[in-house]
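Undergrad: need a 3D model of the sequence below.
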Amino acid sequence: MNKVFLAVAASGVVFLSGCASSTDSATMAKMDELSNQVSQLSDEVATLKNGQMMLSDKIDQNSESISAVREEAQRANERIDHIAQSYTK
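TA: Numbering: from 1, shown residues only. Modelled structure (predicted):
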């Protein structure tokens, strides 16, 4: 039993190693094409990440500006309220 199993396993290894060692030009061309696609996609991802970072920075700057405008509007409303109160007294 062990000898049969060992013989089957050895022939399987020889069969698989024979298939794995032969690469044809079509397979290599396809691998090169896929590698090029991966490189292009990696470049696109890097570009998109840079764009996202730039947009995030712009959002942060706009948020700070909006906060400053809100504070100024609040102060202006308070001044208007004080002026209106002084006329009614």
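
Undergrad: average pLDDT across stretch 64-80?
TA: When pLDDT is averaged over stretch 64-80, the result is 92.

Undergrad: and what of stretch 49-61?
TA: Per-residue scores along stretch 49-61 average to 94.

Undergrad: just the CA atoms of that stretch, as PDB, please.
TA: Provided in PDB are the C-alpha atoms of stretch 49-61 (Å, rounded to 0.1, in the frame of the first residue of the first chain):
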ATOM      1  CA  LYS A  49      -4.500  59.600  -3.600                       C
ATOM      2  CA  ASN A  50      -2.600  62.800  -4.300                       C
ATOM      3  CA  GLY A  51      -5.700  64.400  -5.700                       C
ATOM      4  CA  GLN A  52      -7.700  63.300  -2.700                       C
ATOM      5  CA  MET A  53      -5.100  64.800  -0.300                       C
ATOM      6  CA  MET A  54      -5.300  68.100  -2.200                       C
ATOM      7  CA  LEU A  55      -9.000  68.200  -2.000                       C
ATOM      8  CA  SER A  56      -8.900  67.300   1.600                       C
ATOM      9  CA  ASP A  57      -6.600  70.200   2.300                       C
ATOM     10  CA  LYS A  58      -8.900  72.600   0.300                       C
ATOM     11  CA  ILE A  59     -11.800  71.400   2.400                       C
ATOM     12  CA  ASP A  60      -9.900  72.000   5.600                       C
ATOM     13  CA  GLN A  61      -9.100  75.500   4.400                       C
END
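
Undergrad: from now on call the first residue 18
TA: OK, 18 is where the count begins now, so the last one is stretch 66-78.

Undergrad: how far off centre is that stretch?
TA: 14 Å (C-alpha atoms, centre = their mean, to the nearest Å).

Undergrad: residues of that stretch that come out buried?
TA: Neighbour-count burial for stretch 66-78, counted by 16 or more other C-beta atoms under 10 Å, picks out no residue. For the C-beta atoms, the positions are set from N, CA and C on the backbone; glycine is no exception.
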